[in-house]
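> when you get a sec, could you give me coordinates for this:
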Amino acid sequence: MMTLAYSLIFAFSCFLFFISGEIIVKSLIKIAKFLGWKEFAVSFIIMSIVASFPNLFVGIFSAINNIPELAFGDVVGGNVVDLTLSVALASLFAKKGIPAKSKTVHTTLFFTIIAAAMPLLLIQDGVLSRADGIVLVFFFFFYIFWLFSKKERFTKTCDGTESNMKNFKASFVGVFKIVLAIVLFIVASQGIVESTKYFADTFHWPIFLIGLFIVGLGNSLPEIFFAISAAKKQNNWLVLGDLMGAVVAPATLVLGIVALISPIHITDMTSLTVARIFMFLSIFFFFVFIRNDNKITKREAVFLLFIYISFIIAEIFV
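Predicted coordinates for the structure are as follows:
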């Protein structure tokens, strides 16, 4: 009976994450349109924020409850999802794949790769310390500073939008919706952490693996749906900004904050090794596919999907 109850709590918490993410995405898009930001910057900043909130609140509550390894598994699992499953699904729904010819996209690609790899390199000794946390947080703000250092990267108005009174009112209302969504995120995060602790204690599941598989996938749902929706509407700039933002912020800002609150210790090195291998595979092929012909084709999308399925099978049976 308790297992069913905690399963429902976990499922409802994931649902709250999805609803809250939808609210924030729509609200931030209205605000960004009013400010006249460029599409890539809009999607990157939006998904940096949206993708960070579930990870951030789960991370903070897990650190407070002395299980910060849940946050690490959550972020690593989510990044594997974003670089394989999310990219693959978006590419398959796009008519001609996802183009990536912009210099900003290519430079951000390097930042994304470094950000995704940094936590796995810093935790090589089994601990993500407070000093490591400072490095991760610094890297995030360094990228944001670079992104906004040149005006043309973010001040080109999104297609079909103008800064008018209607957009101002919509953005003002959006602020209140964002506050409401944050409250829902907090409630959902507590539900995720409490149910995870129950499953770990009852079934003797490693908390890192729970974060890697279940929480990581659940927290990736907002960016997956956002990427698919953008791809179907041929808003390809939004897809890459979405996915890169969803990787960079959790891997740097979120894990950095969690490590500052409570250093992360990983004892299950076998699972971490498998996750590290597939993370680097995901990073490598994501990089190659974009740099090779400046786009991700449907054939390449199928290959990325195969990597994600192989990741799940390897973690289960190794």
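> and A251, how far from A115?
A251 is 5 Å from A115, where distance means C-beta to C-beta, to the nearest Å. For glycine as for every other residue, the C-beta is placed from the backbone atoms N, C-alpha and C.
> can you give me the helices for the stretch 51-200 of the chain?
Counting by DSSP state H, counting those that start in this stretch, the stretch 51-200 of the chain has these helices, from start to end: 69-81, 87-93, 103-122, 130-147, 165-203.
> pLDDT score for I98?
With respect to pLDDT, I98 scores 84.
> count the residues that sit near it.
Applying other C-beta atoms under 10 Å, we find 26 residues neighbouring I98.
> so it makes contact with V87?
Yes. I98 is in contact with V87 according to C-beta atoms under 8 Å; the separation is 7.5 Å.
> hang on, the earlier thing: and the helices of the stretch 51-200 of the chain, which one is worst for confidence?
Looking at the helices of the stretch 51-200 of the chain, the bottom one is helix 165-203 with a mean of 76.
> now the helix or strand following it - C-alpha only, CSV.
Next along the chain after helix 165-203, taking DSSP states H and E as the criterion, comes helix 207-210. The C-alpha trace of helix 207-210 is given here as CSV (Å, rounded to 0.1, in the frame of the first residue of the first chain):
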residue,chain,number,x,y,z
ILE,A,207,20.0,6.4,-5.3
PHE,A,208,22.4,7.4,-8.0
LEU,A,209,20.7,4.9,-10.4
ILE,A,210,17.3,6.2,-9.5
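> off-centre distance for helix 207-210?
On the basis of C-alpha atoms, centre = their mean, to the nearest Å, helix 207-210 sits 17 Å off its chain's mean C-alpha point.
> what's in contact with it?
Helix 207-210 is touched from outside by 67, 69-70, 72-73, 196-197, 199-200, 266, 268, 271-272, 315, with contacts defined as C-beta atoms under 8 Å, 6 or more residues apart in numbering.
> and if we set it to 6 Å?
Contact partners of helix 207-210, identified using C-beta atoms under 6 Å, 6 or more residues apart in numbering, comprise I67, E69, L70, G73, T196, A200, D268, S271.
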